[in-house]
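Q: what follows is a predicted structure for the sequence shown.
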Amino acid sequence: MKKKVSIVIPAFNEATNIPKVTEAVAHVFSALDYDFEIIFIDDGSTDASANVLRQLAAANRQVSYILLSRNFGKDSALSAGLSKAHGDAVITMDADLQHPPTLIPAFLEHWENGNEVVYAYRESKNEHASRMNKVSSGLFYSIINNLSDLELEDGISDFRLLDKKVVDILNTMSEDEPFFRGLIKWIGFAQKGLPYVPEERHSGRSKYNTRQLTKLAIRGITSFSTKPLYIATYLGLSFSLLSLLYIPYIGYSYYFGHTISGWSSIIATIAFFGGLQLMILGIIGLYLGKLFMQSKQRPHYIVKESNLS
Ligand code: UDP
Ligand code: MG
């Protein structure tokens with residue numbers, strides 16, 4: 001019996017891209033000796049995506065879909081897809097054809113050679129990304145790597161193959177706001193990274209802006225490390241040690257009677273430490289917020305409609 005590969009594709013307003021990516025994937029598999037299925041997760045699209053999916057699934061037995069009740073974010077959409085993917089291997093990719101399906105045979109080859117995870121990372125000499133984009137992406141990964149206990153390649157993507165074993169493990173995790181790029185590294189097993197050059201987005205616009213990328217970076221850091229809390233502690237400690245040096249100066253001023261001077265330095269110090277304290281409170285708050293969200297145990301996504309049982 002042929003092995004089965006499930007392709008999981010989150011889609012948010014990708015009506016024109018959905019048929020294209022289906023075609024491209026089917027084309028790649030026509031030359032391969034595997035069964036395949038494609039599971040689209042519509043992440044609360046407001047365009048015609050839902051209808052496109054219903055029609056596509058009716059006409060094509062390899063295509064299934066899950067419609068979420070609203071936009072839950074890409075990682076939650078991926079969770080929904082992984083929970084319904086029953087292939088011996090699962091490949092996750094974007095709907096906009098930036099992840100070239102032509103890389104799939106290489107994924108499968110490395111999987112057959114014993115890698116439980118095969119992932120693609122963007123090659124640094126990537127012609128399609130703007131300068132600004134490259135800088136912000138580089139910054140994104142270097143901040144995550146420095147502040148968390150992970151080693152993520154610059155440009156590691158959500159284009160990857162997962163062995164059934166790994167998918168089963170991911171499905172048992174009920175982490176609030178999963179950050180798959182980090183979670184999968186954390187799981188371990190034999191992992192293989194392949195460089196790739198992303199294509200231009202086929203149509204539509206990117207759903208991520210700087211604000212969302214910042215949020216994603218904070219999620220990546222706070223999900224994997226308590227380092228910011230340590231940094232806050234050390235920062236507080238060093239400043240209180242430093243302030244001890246001030247005591248001899250206070251004694252000196254008192255003795256020589258210029259106690260009124262130093263108004264500007266007091267204001268500057270108050271402003272600086274006020275800001276520092278607020279920032280540190282904010283860091284503590286971030287972690288507290290995570291605990292709060294997790295304690296409510298809400299589902300990570302809600303399915304509105306699906307042609308899968
Ligand atoms: N996506 C999603 N939910 C979201 C945002 C994006 O399912 O809230 C999907 C989107 O349809 C695409 C993939 O995630 O298939 C990557 O999104 P996008 O191409 O906008 O990101 P970029 O390539 O710019 O990083
Ligand atoms: Mg894209």
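A: Noted; the coordinates are in hand. Ligands and ions are numbered 1, 2, ... in the order given.
Q: mind showing which ranges of this structure have poor pLDDT?
A: In the prediction, the chain carries residues with pLDDT under 70 at positions 124-134, 258-261.
Q: what sits against the residue nearest the centre of it?
A: When the chain is reduced to its mean C-alpha position, the closest residue under Cα atoms, centre = their mean turns out to be F179, at 4.4 Å. With Cβ atoms under 8 Å, 6 or more residues apart in numbering as the criterion, the residues that contact F179 are D75, L216, R219, G220, S223, F224. C-beta coordinates here come from the backbone N, C-alpha and C atoms, glycine included.
Q: elements contacting the host helix or strand of S243?
A: When elements are assigned from DSSP states H and E, S243 belongs to helix 227-244. With contacts taken as 3 or more Cβ pairs under 8 Å, 6 or more residues apart in numbering; DSSP states H and E, helix 227-244 sits against helix 210-224, helix 263-296.
Q: ligand 2: which of those helices is closest?
A: For the helices and strands packed on helix 227-244, the distance to ligand 2 is smallest for helix 210-224, at 12.8 Å, taking Cβ to the ion.
Q: which parts of that closest one are buried?
A: Applying a neighbour-count criterion of 16 or more other Cβ atoms under 10 Å, one finds L216, A217, I218, R219, G220, I221, T222, S223, F224 buried in helix 210-224.
Q: just want the angle from the helix holding S243 to helix 210-224.
A: Angle of helix 227-244 versus helix 210-224, following axes from the mean of the first three to the mean of the last three Cα atoms, to 10 degrees, is 90 degrees.
Q: what parts of this protein come near ligand 1?
A: 10-12, 14, 43, 71, 73-74, 77, 94-96, 98, 206-208 (Cβ under 6 Å from any ligand atom).
Q: off-centre distance for stretch 277-291?
A: For stretch 277-291, the distance between its averaged C-alpha position and the chain's averaged C-alpha position is 21 Å (Cα atoms, centre = their mean, to the nearest Å).
Q: buried set for it?
A: I280, I283, K290.
Q: how far is whichever helix or strand comes after the helix holding S243 from where the chain is centred?
A: Where DSSP H and E defines the elements, the next helix or strand beyond helix 227-244 is helix 246-256. Computed by Cα atoms, centre = their mean, the chain-centroid distance of helix 246-256 equals 53 Å.
Q: also stretch 227-244?
A: Chain-centre distance of stretch 227-244: 30 Å, with Cα atoms, centre = their mean.
Q: that concludes my questions; thank you for your assistance.
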